[in-house]
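J.: mind looking at a prediction? Sequence and model below.
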Amino acid sequence: MSYISVIGAGSWGTTLACLLSDKGYDVTLWVREKELAEEINNTRINRIYLPDTILPDNLIVAYGIDVTVKRARYIVNAVPAQFTRFVFKEALPYIPDQAIIISASKGIERGTLLTVSSILKELSAHPVAVLSGPSFAKEVIKKLPAAVTLAAEDKNIGYMLQEVFNLNNFRVYRHDDIIGVEIGGALKNVIAIAAGISDSLGLGNNARASLITRGLAEMTRLGIAMGAKERTFSGLSGIGDLVLTCTSPLSRNYTVGAKLGQGLKLKDILNQTKSVAEGVATAESAYALSKKYNIEMPIVEQVYKVINEDKEPVLAVKDLMDRSLKTEFYE
């Protein structure tokens with residue numbers, strides 16, 4: 001079986017490493033901290049991100065990036081978007097020429113406004129695919145049913161990776177729209193923050209449904225402007241992931257929004273968890289993209305202002321509702 005490296009030992013990276021190990025692949029999971037890597041190897045538990053899961057005996061945990069990737073046929077990127085560039089600059093000298101990179105990270109890089117696959121393509125000539133969709137790690141690791149999208153520009157790579165990642169309880173669909181899949185995966189986190197704020201303020205089910213629907217419209221408009229296919233946003237990596245993330249406290253981004261709605265300060269919220277809420281950084285990038293492409297994204301704009309300008313959530317809701325009247329669909 002092929003050798004697979006999973007870069008990033010957060011909850012999702014650890015979950016994917018476990019699934020692939022259980023399937024019989026030779027997998028190494030990279031952990032940046034030497035002490036944590038040694039602890040996980042000794043206890044077979046990632047106490048920080050998946051404390052209730054015993055890791056498979058055949059899963060190797062390593063802290064040396066060179067050791068982790070030097071034999072890899074497939075490299076899974078599970079590093080948060082804002083750190084992907086730094087980690088892969090370190091890893092690339094050791095990655096074999098034939099390796100394929102699969103990004104399972106959702107977000108848009110601050111400053112450059114690049115999706116994760118675009119960062120990886122900028123750094124190297126390795127083929128890059130994207131794995132995304134409605135998939136909470138805490139449910140996937142329990143082998144509860146889930147379905148996701150695997151996007152690859154090369155059809156042969158798409159077929160191959162579909163076989164690699166598909167399991168009995170983890171169904172993988174193929175697609176070729178990498179940018180659309182990534183915009184859906186990134187922007188849903190921003191809308192989830194809005195949904196968390198809404199629920200925390202007690203605005204009701206109608207408000208949440210409206211946020212999801214109009215949030216989907218914003219995601220789609222931006223995606224099309226960036227070259228994505230409209231139909232992508234009606235799929236698993238679009239509306240599927242959006243609905244999941246906007247309706248469950250298992251979502252880190254929804255939880256951040258809920259705490260913002262309760263009046264907590266962002267700095268205090270982020271200090272309370274070691275998990276990364278990608279929507280916080282993505283709100284800034286998405287707002288910048290809306291300006292770059294001259295697209296109306298009012299929900300993204302209000303989330304950006306709550307996060308970056310300390311705008312009161314109640315005022316953000318008021319400004320959304322008081323906007324000038326529009327037609328629902330327009331070219």
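T.: Yep, it's here.
J.: strands of the stretch 1-150 of the chain, start to end?
T.: Using DSSP state E, counting those that start in this stretch, the strands of the stretch 1-150 of the chain run over residues 3-7, 26-30, 60-62, 74-77, 100-103, 128-132, 146-151.
J.: next, the angle strand 26-30 makes with the first one.
T.: Taking axes from the mean of the first three to the mean of the last three CA atoms, to 10 degrees, one finds strand 3-7 and strand 26-30 inclined to each other by 20 degrees.
J.: and strand 3-7, what does it pack against?
T.: For strand 3-7, the packing partners by 3 or more CB pairs under 8 Å, 6 or more residues apart in numbering; DSSP states H and E come out as helix 11-22, strand 26-30, helix 65-69, strand 74-77, helix 81-91. All C-beta atoms are positioned from the backbone trio N, CA, C, and that covers glycine.
J.: tell me how far the closest residue to Pro313 other than its chain neighbours lies from Gly184.
T.: Among residues not flanking Pro313 along the chain, Ile197 sits closest, at 4.8 Å (CB to CB, 6 or more residues apart in numbering). Ile197 is 21 Å from Gly184, where distance means CB to CB, to the nearest Å.
J.: the more surrounded of these two?
T.: Gly184 (31 against 27; other CB atoms under 10 Å).
J.: buried ones in stretch 250-258?
T.: Ser251, Arg252, Asn253, Tyr254, Thr255, Val256, Gly257, Ala258 (16 or more other CB atoms under 10 Å).
J.: you'd agree the fourth one is up against Leu244?
T.: No. Taking contacts as CB atoms under 8 Å, Tyr254 lies outside contact range of Leu244: 9.6 Å.
J.: still on that earlier bit, now the buried residues of stretch 250-258 as TSV including pLDDT and secondary structure?
T.: Formatted as TSV, the buried residues of stretch 250-258 follow (pLDDT from 0 to 100; DSSP: H, G, I helix; E, B strand; the rest coil):
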residue	pLDDT	secondary structure
Ser251	95	coil
Arg252	94	helix
Asn253	96	helix
Tyr254	97	helix
Thr255	96	helix
Val256	96	helix
Gly257	97	helix
Ala258	97	helix
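J.: between the residues you listed, which sits nearest Ala225?
T.: Ala225 lies nearest to Asn253 out of these, by CB to CB, at 22.9 Å.
J.: which residues does the closest one contact?
T.: Asn189, Val190, Ala192, Ile193, Gly196, Thr245, Ala277, Glu278, Gly279, Val280 (CB atoms under 8 Å, 6 or more residues apart in numbering).
J.: between the buried residues of stretch 250-258, which is nearest Lys89?
T.: When these are compared against Lys89 (criterion: CB to CB), the nearest one is Arg252, at 26.0 Å.
J.: remind me which residues of the protein are low pLDDT?
T.: Scanning the chain for pLDDT under 70 picks out the ranges 1, 331.
J.: quick one on the thing from earlier: what's the closest of the strands of the stretch 1-150 of the chain to Ala286?
T.: strand 128-132 (16.1 Å).
J.: helices or strands next to that closest one in the packing?
T.: Against strand 128-132 (3+ CB pairs under 8 Å, 6+ apart) you get strand 100-103, helix 116-123, strand 146-151, helix 155-165, helix 178-200.
J.: okay, now the sheet partners of it, with direction.
T.: strand 100-103 (parallel), strand 146-151 (antiparallel) (DSSP bridges).
J.: contacts for the last one next, please.
T.: With CB under 8 Å, 6+ apart as the contact definition, strand 146-151 has outside contacts at 102, 129-135, 139-140, 158, 161-162, 165, 169-178, 180-182, 235-237, 240.
J.: got a quick ChimeraX command for the buried subset of these?
T.: Listed next is the ChimeraX selection for buried residues among these, using 16+ other CB under 10 Å:
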select :102,129,130,131,132,133,134,135,139,140,158,161,162,165,170,172,173,175,177,178,180,181,182,235,236,237,240
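J.: which of the helices and strands packed on strand 128-132 sits closest to Phe83?
T.: So among those, helix 116-123 is nearest, using CB to CB, at 10.4 Å.
J.: buried set for that closest one?
T.: Val116, Ser117, Ser118, Ile119, Leu120, Lys121, Leu123.
J.: what about the closest residue to Lys292 other than its chain neighbours, how many residues nearby?
T.: Nearest residue to Lys292, sequence neighbours excluded (CB to CB, 6+ apart): Leu113, at 7.0 Å. Residues contacting Leu113 under the criterion other CB under 10 Å number 15.
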